[in-house]
Structures are given as C-alpha cells and as structure tokens.
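Asks: I would like the atomic coordinates for the input below:
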Amino acid sequence: MHTHVHRGVGLGHCGLIPFAVVLTIALSGCATDRPDPQAETSLTRAVGLAEAITFRTDSGPLDEPSVGDSLTLADAVRSAATTDPGLQAALARVRIAMADADQARLLPNPVLNFVLRWGPGKPQIEVSLAQDLIQAFKIPRQASAADNRLRQVAADAVTAALDVTSEVQERYTAVQASAALVPLLQERLSLIERLVATAKSRLDAGEGTRADVATLNAQRVELLVEIDGVRLTEREERLRLARLIGEPSAAATWTLDAWTSPSIGDQPEASWVDAGLQHRPEVQAIAWRLKALGDDEALVSLLPWEGASVGVDATRDDDWAVGPSVSTPIPVFDMGQARRARVTAEQIEARHDLTLARRKIVEEVRVAFQTLAASKSNLSRIQSELIPLQQQRRQLAEDAYRAGQTDVTPLFLAEQDLRVAQAQSIEVERQAASALVRLQRAVGGPGVAASMANSPTPPIMPPAATDAARQPVSSAHRNP
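Replies: Here you go, the predicted structure:
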C-alpha cells in the first residue's frame, strides 16, 4: 500500500497517523470564520430607508404591485431600492463572494490511487492517498483575501444602491419641473388668446393692424408647440420613473409631491467633503481591494512549492513495507518573480485608483455644494425680485395697449420677458434639486446627508480598510 497523506487520513492497516495529518488539521483550523458583510443593512443605511432592503432569490415580475394614484419621493426611492434588478444582481454577487470565501477555507479532496499488477508470483498492490501540502499553508491567506474581496463586493453593492437612488431622485425632479412648467405655459396661452381677441376687435374697429394679429397668433402657436414639447418631456420622464420603481407598464399618472426648496443645513463645505471621503463606498471598495492584494502578495512566496506533498508510502508484495515520503518541485525556472511583479503592479494601480477616487469625491462634493448654494440664491432673487418686476411691466404694457396708447410690440416683449423669468425660476428650482441629489450621492447617500443636519455619523469604513488604503506598496511607491 502506497500512501501520501496530508490531512485527516489514517492508515488503519499499519496503525499510523502520519505527522502530515496532524499538521494539515492544525493548519486547516487557522482560518477564521467567514465575515458577514451585512450588505443589506449597509444598503438600507446608505439610502436612508426605514424598511430594510432584502435579497430576492426570484427574478421578480415584470411589474411590481402598483404604488397607487399618488407617488411621493420617499415611496419612489423605497420602491426602486427594494425592487431594482440591478441592485438585486449586486446582492447576488455578494452571495457569490461569500461562497468563494467559504471555498477558500476548504482543503482539496484527497486523491486515491490504486494500482494492481499481475505477473509471476503473487499480484502486487500499490495504494496512494495524496493531498497537496502547500494548499494547507495557503488556507489562512486565501481566506483573508477572499474575505477582503467579499467586503469589496459588498461596498460595490452599496454603490449600486446609491446609483439607483440618485437616478430615481433625478427623474422625480425632472417630472416635477415639467409638471410645474405646463400650467405656467397654459396661463401664458390664455393671456395670448385674450390678446388675440383684443387685437381682432381693434382691427375690426379700424384701430389695430393685421401685423398685431399675426404677431399674437404666431406667439399662440409657438406656445402650443412648447406646451406639447414639455408634456412629451414629462411623459418620457414619468415612463422612466415607472421603470425605475418596478412598474414599466404602469399608466404613470401619479400625483407627485409639491416642490419644496432643498436645504443643506448649516454645515460648511469642508464638513461635506470630509463626510464624502469617509463614507463613499467607492473608496471603501478600493481599500478592501488593497487588503486582498496584500494577501495575494503573501501567497506568492509559496508559489514555487505548489504541488509539494508529504505522506507515507506503503507497498505490499508478500509483506507490507511502510515508510515516509516527500514529493516536492524543484524551483529552478519559476521562482514566483513574475507573479510577484504582477501583484506589485496591481497594488500600485489600486493606490492610484484610490487617489483618483478621493480627488473625484472632493470635486463632486464641492461642485454640488456650490451649485446648490448658488441655485438657492438665484431662485430667491428670481422669485422675490425679477418675476414681480416683470409682472408689473407686463401689466403696464397691457394697460397701455388696451387703452390704445401703444401697439402690441411693448406688450409682446414684456410677455416674452415674463415667460423667460418664470421658466428661469422652474429651471433654477430643478437645478437646485438636482444639485441636492448630487450632493447626497457625493457624500455617500441620503442616509449620510441626513445625518449631517446633526452630527457626522461614525465611519462606515473599518479601521483595517483605512490602514490598507494608507499603507505604501514600497518606499518607492507611495500613495500620492
């Protein structure tokens, strides 16, 4: 009987438990239990939902149950976060990484070889039970690398949740803006139609001109075209929103929330930047990637010895012959240098990616913060000063036209300027709302943004990941 043994194998015939068995059992117990990344909890906290996001094993129907005749922004975010297939696929990838982490803790199955030879004399029997010894040494580091990649995938799932949430908020804001613009344009159309009637009456009385009637009719047709365009835009945005909340076939005629002015509290820009650097899942994912690459670097040292085995050889002819055996590769050609260089390059790449991600976070937070502040200031100026002045100007021009003191040109210009000011108000409202959405996304989600009203929340990134992000590859390659 010929036996190569590494882990959990005894030779009952000879009453031996090789040293390799004890060694591999001890090594296999060195790996800690797989961590639970609690991806659903992290997603729920980042999005700021009261209802927990759950992993769905089924693919889901084409259309989720209807949300009803009204759709608040909170309901839209909740429906999207809990039913989005892309987010569920991200959670499935977390399960894949969990399975990989479990697999990394397992030793490969032993290989049994049985040889029976016939010839002169009695048949000869050789039996070998072999297992890779180096694989046992690799288990702790392999498990650590798989755990870190599991945490990386969990951070990627949070990124997917934030992307879904911000897209829903953007679409919801677009529908609000279009819905607010239609009544305004219809009001302008009503005024133009009254002016057309007045111009025709003056023309019939011999006091007006055909040019006035033609100009006002052209303005009326332009308004009709613009109203149709805004209605089409609103319809398109509603259909996009319907798909995002899981109801692509819905009529999408919900009543939406009334517009409310966005607020960011009294936190300075620097606090928002710090929150973004601390909570963004993209940074966390790169940090865990660096940790995994550190484990890969440690595993490279065992690469030249892969395939080595230690065990017991036993053969039987007339009697049993038993003795220890060692099988090992000779590291002549492959010393692991190529793999070591690859891991080092991957670490350098990840550190540059980390610097790039941090710089982009600072940019995104600052741009969104300053856009929101400027938009709110402009909105206040337009609503409190510009629109009242343009309304007064339009009223004076209309009174003068009705009294026959001027032609239609001053009224037409006043009406145009008022319409531009009111459209500016709606556009700036939408700009402010979009800036708030981008600011929430830039700091790590609505949950983090909501906490900024009181005090910053504890960092999501564990200290181990932060240390990995800061540790240099070598003295020649440091994080910029």
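Asks: which stretches of the stretch 351-480 of the chain have low pLDDT?
Replies: Within the stretch 351-480 of the chain, the stretches with pLDDT under 70 are 453-480.
Asks: just the helices in the protein please.
Replies: 19-28, 39-47, 73-83, 85-104, 133-204, 210-244, 269-279, 281-300, 337-381, 387-402, 408-443, 446-451, 463-470 (DSSP state H).
Asks: what is the second one packed up against?
Replies: Helices and strands touching helix 39-47, as assessed by 3 or more C-beta pairs under 8 Å, 6 or more residues apart in numbering; DSSP states H and E, comprise helix 73-83, helix 85-104, helix 133-204, helix 446-451. The C-beta positions use only the backbone N, C-alpha and C, and glycine is treated the same way.
Asks: and the gap between Ile361 and Val47?
Replies: 18 Å (C-beta to C-beta, to the nearest Å).
Asks: wait, which of the helices of the chain is closest to Leu112?
Replies: Comparing the helices of the chain by their distance to Leu112 (C-beta to C-beta), the top pick is helix 19-28, with 15.2 Å.
Asks: who has more neighbours, Ile361 and Val47?
Replies: When Ile361 and Val47 are compared for neighbours, Val47 comes out ahead with 26 against 22, by other C-beta atoms under 10 Å.
Asks: test my guess that Leu49 contacts Ser79.
Replies: No - the pair Leu49 and Ser79 does not pass the contact test of C-beta atoms under 8 Å, sitting 10.6 Å apart.
Asks: returning to what we had before: tabulate the helices of the chain (CSV), appending distance to Thr260.
Replies: As requested, the helices of the chain are exported to CSV (distance: least, C-beta to C-beta, whole Å):
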stretch, distance to Thr260
helix 19-28, 59
helix 39-47, 20
helix 73-83, 10
helix 85-104, 27
helix 133-204, 10
helix 210-244, 18
helix 269-279, 20
helix 281-300, 28
helix 337-381, 12
helix 387-402, 19
helix 408-443, 9
helix 446-451, 15
helix 463-470, 37
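Asks: so for Asp257, which of the ones you listed sits nearest?
Replies: helix 73-83 (5.5 Å).
Asks: once you drop chain neighbours, what's closest to Thr173?
Replies: Distances taken as C-beta to C-beta, 6 or more residues apart in numbering put Ala433 closest to Thr173, at 4.2 Å, once the chain neighbours are dropped.
Asks: any idea how far that neighbour is from Leu372?
Replies: Ala433 is 9 Å from Leu372, where distance means C-beta to C-beta.
Asks: shared neighbours, the two?
Replies: Pro262 (C-beta atoms under 8 Å, 6 or more residues apart in numbering).
Asks: what sits against Ser216?
Replies: No, residue 216 isn't Ser; it's Leu. 192, 195-196, 199, 408, 412.
Asks: any chance of the residues you listed in a markdown table, plus neighbour count and distance to Thr355?
Replies: A markdown table is the format used below for the contacts of Leu216 (neighbours: other C-beta atoms under 10 Å; distance: C-beta to C-beta, whole Å):
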| residue | neighbour count | distance to Thr355 |
| --- | --- | --- |
| Ile192 | 22 | 57 |
| Leu195 | 24 | 61 |
| Val196 | 18 | 63 |
| Ala199 | 25 | 66 |
| Val408 | 24 | 62 |
| Phe412 | 19 | 56 |
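Asks: TSV for those residues, including distance to Glu167?
Replies: Formatted as TSV, those follow (distance: C-beta to C-beta, whole Å):
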residue	distance to Glu167
Ile192	37
Leu195	42
Val196	43
Ala199	47
Val408	45
Phe412	41
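Asks: so where's the protein shaky on pLDDT?
Replies: Residues of the chain that meet the cut-off, pLDDT under 70, sit at 1-31, 309-314, 316-318, 323-326, 453-480.
Asks: and which of the contacts of Leu216 is nearest to Arg339?
Replies: Nearest to Arg339 among these, with distances taken as C-beta to C-beta, is Ile192, at 74.9 Å.
Asks: which residue packs closest to that closest one, ignoring adjacent ones?
Replies: Arg220 (4.7 Å).
Asks: how close does that neighbour sit to Ala174?
Replies: According to C-beta to C-beta, Arg220 and Ala174 sit 27 Å apart.
Asks: neighbour count: those two, which is higher?
Replies: Ala174 (20 against 17).
Asks: is it true that the more buried one touches Glu237?
Replies: Yes - taking C-beta under 8 Å as the definition, Ala174 is a contact partner of Glu237 at 4.3 Å.
Asks: using CSV, list the CA coordinates for stretch 434-447.
Replies: The C-alpha atoms that make up stretch 434-447 are tabulated as CSV, following Å, rounded to 0.1, in the frame of the first residue of the first chain:
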residue,chain,number,x,y,z
SER,A,434,-30.5,68.1,-8.9
ALA,A,435,-27.6,69.7,-7.0
LEU,A,436,-29.0,68.4,-3.8
VAL,A,437,-29.4,64.9,-5.2
ARG,A,438,-25.7,65.0,-6.5
LEU,A,439,-24.6,66.3,-3.1
GLN,A,440,-26.3,63.4,-1.3
ARG,A,441,-24.7,61.0,-3.8
ALA,A,442,-21.3,62.6,-3.4
VAL,A,443,-21.2,62.2,0.4
GLY,A,444,-22.4,58.5,0.4
GLY,A,445,-26.2,58.6,0.1
PRO,A,446,-29.3,60.3,1.6
GLY,A,447,-28.6,58.5,4.9
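Asks: now do that stretch: everything it contacts.
Replies: 45-48, 77, 158, 161-163, 165-166, 169-170, 173, 262, 264, 272, 275-276, 278-281, 361, 364-365, 367-369, 371-372, 375, 448-449, 452, 460.
Asks: if we can go back for a sec, quick one: residues contacting the residue nearest to Ile192.
Replies: Residues counted as contacts of Arg220 (C-beta under 8 Å, 6+ apart) are 189, 192-193, 196.
Asks: farthest-apart pair in those, please.
Replies: Leu189 and Val196 (10.3 Å).
Asks: could the helices and strands packed on helix 39-47 go into TSV alongside distance to Ser301?
Replies: Below are the helices and strands packed on helix 39-47 laid out as TSV (distance: least, C-beta to C-beta, whole Å):
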stretch	distance to Ser301
helix 73-83	44
helix 85-104	17
helix 133-204	10
helix 446-451	40
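Asks: of all those, which lies closest to Ser425?
Replies: The nearest among the helices and strands packed on helix 39-47, by C-beta to C-beta, is helix 133-204 at 8.9 Å.
Asks: what is the orientation angle of the closest one with helix 73-83?
Replies: 140 degrees (axes from the mean of the first three to the mean of the last three C-alpha atoms, to 10 degrees).
Asks: how far does helix 133-204 sit from the chain's center?
Replies: In terms of C-alpha atoms, centre = their mean, to the nearest Å, the centre of helix 133-204 is set 13 Å apart from its chain centre.
Asks: can you check stretch 201-217 too?
Replies: 60 Å.
Asks: equivalent analysis for stretch 428-447, please.
Replies: What separates the centre of stretch 428-447 from the centre of its chain is 15 Å, taken as C-alpha atoms, centre = their mean.
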